[in-house]
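K.L.:
I'll drop the sequence and a predicted model, then ask my questions.
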Amino acid sequence: MNNDNGNNANGVGNQNHEIPRHLLQHVPRPREVRFMLTDRQLELMYVVWAAARGRVHQQVYRPELPIPPYPLPPVWPDDVRAMVILWVARERRMFELEMSELEYILGLRVRAR
């Protein structure tokens, strides 16, 4: 049974019943959290992305050519894999936003008011 009466190690308690300052700090919101890939990992992502674009381009514009087999995926540690998943999700969202802006600028879509 916890017999804590609010006293600290010196026998002095929190007489004002204040919440300790460190408990009031907020948990970072997702937009405040930053993640970083190393330059090498980022370089690898753009090389792989270029390969993916090449495969899609070939499938759409040159379907008569045989599609090369997929290369073996990189082996990621769990923390890097999580960052890569976030990076891909962010890039997908950025692409969607860019296409929406393109539609607005070209007058193909009207903004809801």
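P.N.:
Ah, there it is. Numbering: from 1, shown residues only.

K.L.:
quick one: low-confidence ranges for the chain?
P.N.:
Along the chain, the parts satisfying pLDDT under 70 run over 1-16, 23, 26-35, 113.

K.L.:
at 80 what do you get?
P.N.:
Applying pLDDT under 80 to the chain flags the ranges 1-36, 111-113.

K.L.:
centroid-nearest residue for it?
P.N.:
Central residue of the chain (Cα atoms, centre = their mean): Leu86, 2.7 Å from the mean position.

K.L.:
now that residue: how far from Met36?
P.N.:
In this view, Leu86 and Met36 are 11 Å apart by Cβ to Cβ, to the nearest Å. Where you see a C-beta, it was placed from the backbone N, CA and C, and this is true even at glycine.

K.L.:
the closest residue in space to Pro74 that isn't next to it in sequence sits in which helix or strand?
P.N.:
Nearest residue to Pro74, sequence neighbours excluded (Cβ to Cβ, 6 or more residues apart in numbering): Leu44, at 6.6 Å. Counting by DSSP states H and E, the element that carries Leu44 is helix 39-61.

K.L.:
may I see the buried residues of that helix?
P.N.:
Across helix 39-61, burial judged by 16 or more other Cβ atoms under 10 Å covers Met45.

K.L.:
okay, it in PDB with CA atoms only?
P.N.:
Provided in PDB are the C-alpha atoms of helix 39-61 (Å, rounded to 0.1, in the frame of the first residue of the first chain):
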ATOM      1  CA  ASP A  39      21.600  11.300 -46.700                       C
ATOM      2  CA  ARG A  40      22.400   7.800 -47.900                       C
ATOM      3  CA  GLN A  41      18.900   6.500 -47.000                       C
ATOM      4  CA  LEU A  42      17.300   9.500 -48.700                       C
ATOM      5  CA  GLU A  43      19.500   9.000 -51.800                       C
ATOM      6  CA  LEU A  44      18.400   5.400 -51.900                       C
ATOM      7  CA  MET A  45      14.700   6.400 -51.700                       C
ATOM      8  CA  TYR A  46      15.100   8.700 -54.700                       C
ATOM      9  CA  VAL A  47      16.900   6.100 -56.700                       C
ATOM     10  CA  VAL A  48      14.200   3.500 -55.900                       C
ATOM     11  CA  TRP A  49      11.500   6.100 -56.700                       C
ATOM     12  CA  ALA A  50      13.100   6.700 -60.100                       C
ATOM     13  CA  ALA A  51      13.100   3.000 -60.700                       C
ATOM     14  CA  ALA A  52       9.400   2.800 -59.800                       C
ATOM     15  CA  ARG A  53       8.600   5.700 -62.100                       C
ATOM     16  CA  GLY A  54      10.500   3.900 -64.900                       C
ATOM     17  CA  ARG A  55       8.600   0.700 -64.400                       C
ATOM     18  CA  VAL A  56       5.200   2.600 -64.400                       C
ATOM     19  CA  HIS A  57       6.300   4.500 -67.500                       C
ATOM     20  CA  GLN A  58       7.200   1.300 -69.300                       C
ATOM     21  CA  GLN A  59       3.900  -0.400 -68.300                       C
ATOM     22  CA  VAL A  60       1.900   2.500 -69.600                       C
ATOM     23  CA  TYR A  61       3.800   3.600 -72.700                       C
END
